[in-house]
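A.B. asks: build the 3D model from these lines:
(2 chains)
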Protein chains: 2
Amino acid sequence: MNRQDCEALDRADPLAHKRQAFSIPDGLVYLDGNSLGVLPAHVPERLRQVAEMQWGRDLISSWNLHGWVDLPRVVGNRIARLIGAPPDSVIAGDTISVNLFKLLGAAAKLSPARRVILSDSGNFPSDLYVAQGLRDLLEDGYELRVVAPEEVEGAIDESLLLIMLTEVDYRTARRHDMAALTRAAHAKGALTIWDLAHSAGALPVDLAGTGADFAVGCSYKYLNGGPGAPAFLYVRPALQDLVQPPLAGWFGHEAPFAFDLDYRPAPGILRNQCGTQPILSLAALDAALDVWEDVDMAALRAKSEALCGLFIALAEQRCSAFGVRLAGPRDMAARGSHVSLHHAEGYAVMQALIAARVIGDFRAPDMMRFGFTPLYTRFTDVWDAVDRMHDILAGRGWDDERFRARKAVT
Amino acid sequence: MNRQDCEALDRADPLAHKRQAFSIPDGLVYLDGNSLGVLPAHVPERLRQVAEMQWGRDLISSWNLHGWVDLPRVVGNRIARLIGAPPDSVIAGDTISVNLFKLLGAAAKLSPARRVILSDSGNFPSDLYVAQGLRDLLEDGYELRVVAPEEVEGAIDESLLLIMLTEVDYRTARRHDMAALTRAAHAKGALTIWDLAHSAGALPVDLAGTGADFAVGCSYKYLNGGPGAPAFLYVRPALQDLVQPPLAGWFGHEAPFAFDLDYRPAPGILRNQCGTQPILSLAALDAALDVWEDVDMAALRAKSEALCGLFIALAEQRCSAFGVRLAGPRDMAARGSHVSLHHAEGYAVMQALIAARVIGDFRAPDMMRFGFTPLYTRFTDVWDAVDRMHDILAGRGWDDERFRARKAVT
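C.D. replies: All right, here's what the predicted structure looks like:
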């Protein structure tokens, strides 16, 4: 395998044309789309239109004229297609944390006799914080039980209110079996909440098929919705009219413009809305989703596996002699779309990589993390990232002659 | 009083130059800035820079390089000056409803022995919904007690956990006496939460001076932050380190990048942050606040009173014969910066006004609502609004010869 082989893979890539839809700085190997996705090229113009033609010109009438009032539902439906959710089961808005709180609170009302929330130590910590916040607010016997990821299935019993898991581990990319764990939870009468932060837009998700009860996710990673773009929330259709939202708000009211003093939840998914959403950010996300309209999720997954597999193979071949070691499972079916590598000097190596225009990030205690976003990452990016990492580890640094020669041409 | 007199008032207005900072459609009399403020002219360019130069070019490094991580605090501090709050007592983010929930939940923990939330029927309904949502989540004797606005002071007793009031009534503009009601609540050991939705940027607020414990507010009305722009939240400094946020999130953690599995609240106001904020919308708000840098709040209030006073006088003089009747108090000291008029055909008259390019809105059952935003509303706007309302009420409609003649020149 050499760089020419990677160039051939890029030429044969059925998703290669998608890269043109994005503004990516020249010469940058951006492998941090699992933290912040890149800018879709048409978004600045869409933002200008929304600011000048909608907000500026049509002002308050834009809520109806330009569909602002429906945007959380419209965007939710566009995301639904990417995560295997039926129409009108996803709503966009707020943040993962706020949406998680809504669902945890709603679940507590659905099963008032159960008090234990099961999660794992591979979950993103803020999901645990949200559960801790609810537990401390409710008191009354509520408990957050945190086990190791591989111990989740065995810890499911009839005491559980729910299991709350992130499908793909933000560090190791280890992927939970959503279908199996949902079945196991349901068999014990427990509900399931899935965090799709590292799944949505990274791999095919089948919320309907797995029977998951609830899900949340963000749109600023693989969906490229922009920094802090609004999150989303899913409720299984059969539960939608049973859910009593703890964050009862105007946009979730059955008749907001009746200005009733009493809350009456809207039918269906809409009741999970709370306050007024940030329209500029939501419109940017809506625009960003245009890129996804014709994306085949199976092709996306195939490319993700190929990129990750190539990275793992090259990194092990060229860098294991320098102490680099794969984090998470080797089996691609049990992984998401990023790869983390343990290394004792991981922080320093990542700093050197960033200086060499290879952007990944670092996760304590010792993991260099690289995200592979199938819509715009090239096989040559994978080659270049490993090549520069090798040079750094071999002590040649990023400013050695070979690198400077290459830099001059990119 | 005639239109020429209003032109003279505009020429003498010390805030007149501020209108140039905004993009306002030609010929439009926009009196709905209390619902959605107009576009500050420089915001589209700022948005372009944030999208292209920050998100697009500097990508993930923008969180530090361009201060995204501090933006909620920076924007909060800029708003603090406008509402009489000391530095680092205001944080921007989320929505009014979500922020209200945070504060209600925190208050419940501060005074666990008390269970009654007092509010009034003039509050914006969604504030009541949020309290109902918390009540129904906690059960356990929590109660929302809603009285008429004029009965609030008499209803304050030692059973109260807190009073939760919107300072300026969204319909009638009736203004509560924040200082007096806060004193009365404190005398009975109750906390106070103030909603400044129709106060911030509309009139001087003195959170520190009144001793208010908590406040929330929005930035898309008088502050012109854009549709659904992030809200804000205030906590009295003495309470900040006692608050236990029910929405415990990553951005409110003492050390987010330690990725601890346990939540430990950050010191001070920062703990009231939860998830990742919508940076495009927050950056637009930050830019919008530039306009406020040199605004004297006493001058703002003087112009607000003059605009509202003129509107009331002209509307009563020219339109009371057609059944128009002022809503809310006549005393300007007891009012905010909008004016509502009762009229049996209020909905139809407002539709005709909108067709005549005078933008206000309608609030059930019979109120035409007009917002006067001192930074860009002119005295001639007041004249034109009443003039067209008079014509509509007099049955001459908006397309009569006089109106068309005027339309031709604007």
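A.B. asks: helix, strand or coil for the residue lying closest to A:Pro278 once chain neighbours are set aside?
C.D. replies: Taking Cβ to Cβ, 6 or more residues apart in numbering or on different chains, and ignoring the residues beside it in sequence, A:Pro278 has B:Ser281 as its nearest neighbour in space, at 3.4 Å. C-beta here means a position set from N, CA and C on the backbone, and glycine is covered the same way. The assignment at B:Ser281 comes out as helix when based on DSSP: H, G, I helix; E, B strand; the rest coil.
A.B. asks: nearest to chain B within the stretch 301-410 of chain A, name that residue for me.
C.D. replies: Minimum separation of the stretch 301-410 of chain A from chain B (Cβ to the nearest Cβ) falls at A:Ala364, amounting to 6.1 Å.
A.B. asks: what is the lengthiest helix in chain A packed up against?
C.D. replies: Determined from DSSP state H, the single longest helix within chain A is helix A:297-319. Judged by 3 or more Cβ pairs under 8 Å, 6 or more residues apart in numbering or on different chains; DSSP states H and E, the packing partners of helix A:297-319 are helix A:3-12, strand A:325-326, strand A:338-342, helix A:379-393.
A.B. asks: tell me the most buried of these?
C.D. replies: Mean neighbour count (mean count of other Cβ atoms under 10 Å in any protein chain shown) peaks for strand A:338-342 among the helices and strands packed on helix A:297-319, with a mean of 26.
A.B. asks: next one: that strand to chain centre, how far?
C.D. replies: Here the centre of mass of C-alpha atoms in strand A:338-342, compared against the chain's by Cα atoms, centre = their mean, to the nearest Å, lies 17 Å away.
A.B. asks: now do stretch A:69-83
C.D. replies: Put simply, stretch A:69-83 sits 15 Å off its chain's centre (Cα atoms, centre = their mean).
A.B. asks: circling back: which stretch among the helices and strands packed on helix A:297-319 comes nearest A:Ser61?
C.D. replies: Nearest to A:Ser61, of all the helices and strands packed on helix A:297-319, is strand A:338-342, at 43.5 Å by Cβ to Cβ.
A.B. asks: ok, back up a step: could you dump the helices and strands packed on helix A:297-319 to TSV with distance to chain B and mean pLDDT?
C.D. replies: Compiled in TSV, those are given as follows (distance: least, Cβ to the nearest Cβ, whole Å; pLDDT from 0 to 100):
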stretch	distance to chain B	mean pLDDT
helix A:3-12	21	98
strand A:325-326	20	98
strand A:338-342	13	98
helix A:379-393	14	97
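A.B. asks: mind putting those into JSON lines with distance to B:Ser35?
C.D. replies: Putting the helices and strands packed on helix A:297-319 into JSON lines (distance: least, Cβ to Cβ, whole Å) gives the following:
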{"stretch": "helix A:3-12", "distance to B:Ser35": "51"}
{"stretch": "strand A:325-326", "distance to B:Ser35": "55"}
{"stretch": "strand A:338-342", "distance to B:Ser35": "43"}
{"stretch": "helix A:379-393", "distance to B:Ser35": "47"}
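A.B. asks: closest one to B:Leu65 among those?
C.D. replies: Proximity to B:Leu65, assessed across the helices and strands packed on helix A:297-319 by Cβ to Cβ, is greatest for helix A:379-393 (21.6 Å).
A.B. asks: what lies in contact with that closest one?
C.D. replies: Contact partners of helix A:379-393, identified using Cβ atoms under 8 Å, 6 or more residues apart in numbering or on different chains, comprise A:2-3, A:6-7, A:9-10, A:13, A:29-31, A:306-307, A:310-311, A:314-315, A:318-319, A:322-324, A:349, A:352-353, A:356, A:358, A:360, A:370, A:372, A:397-398, A:400, A:402-403, A:406.
A.B. asks: of those, buried ones?
C.D. replies: A:6, A:9-10, A:13, A:29-31, A:306-307, A:310-311, A:314-315, A:318-319, A:322, A:324, A:349, A:352-353, A:356, A:358, A:360, A:370, A:372, A:398, A:403 (16 or more other Cβ atoms under 10 Å in any protein chain shown).
A.B. asks: quick one on the thing from earlier: okay, now the residue nearest to A:Pro278: neighbour count?
C.D. replies: Neighbouring residues of B:Ser281 were enumerated by other Cβ atoms under 10 Å in any protein chain shown; the total is 30.
A.B. asks: list the contacts for it?
C.D. replies: Residues touching B:Ser281, when contacts are defined by Cβ under 8 Å, 6+ apart, comprise A:278-281, B:225-226, B:228-230.
A.B. asks: which one of those is nearest to B:Ala148?
C.D. replies: Proximity of the contacts of B:Ser281 to B:Ala148 (Cβ to Cβ) peaks at B:Gly228, which lies at 31.0 Å.
A.B. asks: return the distance of the residue in the stretch 251-400 of chain A that chain B sits nearest to relative to B:Asp94.
C.D. replies: When distances are taken as Cβ to the nearest Cβ, the stretch 251-400 of chain A approaches chain B most closely through A:Gly275, which lies 2.7 Å from it. A:Gly275 sits 8 Å away from B:Asp94, going by Cβ to Cβ, to the nearest Å.
A.B. asks: hmm, back to that, how about the helices and strands packed on helix A:297-319, which one is nearest A:Arg114?
C.D. replies: Each of the helices and strands packed on helix A:297-319 was scored for nearness to A:Arg114 using Cβ to Cβ, and the closest is strand A:338-342 (34.1 Å).
A.B. asks: what does the closest one contact?
C.D. replies: By Cβ under 8 Å, 6+ apart, the residues outside strand A:338-342 that reach it are A:34, A:168, A:171-173, A:198, A:202, A:308, A:311-312, A:315, A:319, A:324-328, A:363, A:366-372.
A.B. asks: now do it against helix A:297-319: the angle between them, please.
C.D. replies: If you take axes from the mean of the first three to the mean of the last three Cα atoms, to 10 degrees, strand A:338-342 sits at 20 degrees to helix A:297-319.
A.B. asks: ok, A:Val216 to chain B distance?
C.D. replies: 10 Å (Cβ to the nearest Cβ, to the nearest Å).
A.B. asks: surely that residue is within a strand?
C.D. replies: Yes. If the criterion is three-state DSSP, then A:Val216 is within a strand.
A.B. asks: find the nearest non-adjacent residue to it, please.
C.D. replies: A:Asn99 (4.4 Å).
A.B. asks: distance of the one you found relative to B:Pro86?
C.D. replies: As judged by Cβ to Cβ, A:Asn99 and B:Pro86 stand 32 Å apart.
A.B. asks: same thing with A:Ile24?
C.D. replies: 44 Å.
A.B. asks: neighbour count: these two, which is higher?
C.D. replies: Between A:Ile24 and B:Pro86, counted using other Cβ under 10 Å, the more crowded position is A:Ile24 (20 against 14).
A.B. asks: quick one, phi psi at the closest residue to that one other than its chain neighbours?
C.D. replies: Of all residues beyond its chain neighbours, the one nearest A:Ile24 is A:Val38 (5.4 Å), with distances taken as Cβ to Cβ, 6+ apart. Per-residue torsions, A:Val38: phi -70, psi 170 (degrees, to the nearest 10).
A.B. asks: thought A:Tyr222 was touching A:Val38, still the case?
C.D. replies: No. Under the criterion of Cβ atoms under 8 Å, A:Val38 makes no contact with A:Tyr222, lying 10.6 Å away.
A.B. asks: who touches both of the two?
C.D. replies: When contacts are counted by Cβ under 8 Å, 6+ apart, the set common to A:Val38 and A:Tyr222 consists of A:Thr373.
A.B. asks: neighbour count for the two, which is higher?
C.D. replies: In terms of neighbours (other Cβ under 10 Å), A:Tyr222 is the more surrounded of A:Val38 and A:Tyr222; the figures are 31 against 25.
A.B. asks: measure the more buried one to A:Val205 for me?
C.D. replies: Distance, A:Tyr222 to A:Val205, using Cβ to Cβ: 11 Å.
A.B. asks: one more: A:Lys303?
C.D. replies: Using Cβ to Cβ, we find A:Lys303 at a distance of 16 Å from A:Val205.
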